[in-house]
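**Student:** my questions concern the predicted model and sequence given below.
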Amino acid sequence: MADIVLRTRNLNKTYFGKVDTPVLFDVNIEIVRGAFTALIGPSGSGKSTLLNCLGLLDPQTSGEIDFDGRIIDAPDVNELAAFRNENIGFIFQFHYLLPEFSAYENVLLPFWIRQGRPAAEMEQEALRVMKRIGVAQFRDKAVSELSGGQQQRVAIARALVNRPKLIFADEPTGNLDRESGRSVLELMAELNRESNITLVMVTHDREVALQADHIYELVDGRICKYLDVAKTGKAEAARAIEDRSCTIKPPAGNGA
């Protein structure tokens, strides 16, 4: 039986306004602890909206999110922010580093937000993570002095420093050149394998998706395919995600 760190049950999301816009419909997924899960689908399919709901940045309209045994049901905003800071790391297309701070200070931000000035051991942990990510030599540089790939590596270090249960990445190489993007993706794959980090990534790149352990495909806000790559095999998984028919339905409780 797989160890599930996050599960959704009939998750729906609608944006309300002059014209109500339903985006997600009865989404049921399971994220396996320590695994790499890819979310794929065409532009406008709801991938980023789903990631924001899973990452507790945007509340679902209905349905349930079970985060490691805790049902997330619109708790106090401050409590939810503290829960995110302790349990979740985020990596986006844009690094969202603060330009007035050095690379090292940006990595330390989750500690500062969580409990004020970091203790010496936390500062050492930040340096350890920066060394592993390959940016310790830039610790005192302003982020504006770094290349795009270096900035994204600093953002990865920031996401990892609190040792979160889950890392969510939304097209993390979308703003990078091909070589920098490949380097960042290889680093994230290494971290997933070496440190048992649970990684959920939105990507439009099907070659990247095939590096994942599990693949969910969204079309028009609905899960139309689920693939367990180890069970399916990469060759069959590649054929499946090139098939646009969306006839492969994830069974309820897929046991991924």
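**Tutor:** Nice, I can see it. Numbers count the residues shown, from 1 in each chain.

**Student:** and the next element down the chain from whichever strand in the chain runs longest?
**Tutor:** Here the longest strand in the chain is taken by residue count, with DSSP state E as the criterion, and it is strand 4-15. Next helix or strand after strand 4-15 toward the C-terminus (DSSP states H and E): strand 21-27.

**Student:** how about the CA coordinates for that next one, as PDB?
**Tutor:** Extracted in PDB, the C-alpha atoms of strand 21-27 (Å, rounded to 0.1, in the frame of the first residue of the first chain):
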ATOM      1  CA  THR A  21     -15.700  30.500 -14.300                       C
ATOM      2  CA  PRO A  22     -15.500  26.800 -13.200                       C
ATOM      3  CA  VAL A  23     -11.900  25.600 -13.600                       C
ATOM      4  CA  LEU A  24     -11.600  22.200 -11.800                       C
ATOM      5  CA  PHE A  25     -14.200  19.400 -11.800                       C
ATOM      6  CA  ASP A  26     -14.300  16.500  -9.300                       C
ATOM      7  CA  VAL A  27     -10.500  16.100  -9.200                       C
END
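
**Student:** can we start the residue count at 410 from this point?
**Tutor:** I'll keep to 410 as the first residue from here, and by that count the last item is strand 430-436.

**Student:** which residue ranges of this protein form helices?
**Tutor:** Secondary structure of the chain by DSSP state H: the helices cover 456-463, 486-496, 512-524, 529-542, 557-569, 587-604, 615-618, 638-641, 643-651.

**Student:** buried residues in the second one?
**Tutor:** Same thing as helix 486-496. Within helix 486-496, the residues scored as buried using 16 or more other CB atoms under 10 Å are 492, 493, 494, 496. C-beta here means a position set from N, CA and C on the backbone, and glycine is covered the same way.

**Student:** centre-most residue in this protein?
**Tutor:** The geometric centre of the chain, computed from its C-alpha atoms, lies nearest to residue 577 (CA atoms, centre = their mean), at 1.2 Å.

**Student:** which residue is the nearest non-sequential neighbour of that one?
**Tutor:** In space, residue 577 comes closest to residue 464 once its chain neighbours are excluded; the distance is 4.5 Å by CB to CB, 6 or more residues apart in numbering.
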